[in-house]
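Trainee: when you get a sec, could you give me coordinates for this:
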Amino acid sequence: MVIIQALFKALADPVRRQILQLLKDGKMSAGEISNQFDMTNATISYHLNILKKADLISETKYKNFIYYDIQASVFEELVLFASQFERKNK
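Mentor: Numbers count the residues shown, from 1 in each chain. Sure, this is the predicted structure:
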């Protein structure tokens, strides 16, 4: 249940949802993500950490760069979780 709470916390913020939208087309470096926003690198780092804790994104280090990528399997699990609340008799 803790994972579900972290997931909903991560998705509740519009900046984090926008980061996920950026990553749906492929991995991006922290700098590339940061360039899309008018906020400090520390603030973007905070949002990326929340997304990582919810397993919505993964990070890969290459030389001096960190690249982030979306974890589609977590979204599949969320859909399965939400589908259990669908009413059978409409």
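
Trainee: element containing the nearest residue to residue 30 once chain neighbours are set aside?
Mentor: Of all residues not flanking residue 30 in the chain, residue 66 sits nearest, at 5.1 Å (CB to CB, 6 or more residues apart in numbering). The C-beta positions use only the backbone N, C-alpha and C, and glycine is treated the same way. Applying DSSP states H and E as the criterion places residue 66 in strand 65-70.

Trainee: can you read off the pLDDT for the residue nearest to residue 30?
Mentor: Confidence at residue 66, expressed as pLDDT, is 94.

Trainee: repeat for residue 85
Mentor: Looking at residue 85, its pLDDT is 84.

Trainee: tell me how many other residues surround the residue nearest to residue 30.
Mentor: 15 (other CB atoms under 10 Å).

Trainee: residues in contact with it?
Mentor: 29, 30, 59, 60 (CB atoms under 8 Å, 6 or more residues apart in numbering).

Trainee: show the buried residues in these.
Mentor: residue 30 (16 or more other CB atoms under 10 Å).

Trainee: of the contacts of residue 66, which belong to strands?
Mentor: Among these, the members falling in strands (DSSP state E) are 29, 59, 60.

Trainee: quick one: which of those is nearest to residue 16?
Mentor: Proximity of the ones in strands among the contacts of residue 66 to residue 16 (CB to CB) peaks at residue 59, which lies at 14.9 Å.

Trainee: hang on, the earlier thing: chain center to the strand holding residue 66: distance?
Mentor: 11 Å (CA atoms, centre = their mean, to the nearest Å).

Trainee: so which bits of that strand are buried?
Mentor: Across strand 65-70, burial judged by 16+ other CB under 10 Å covers 67, 68, 70.
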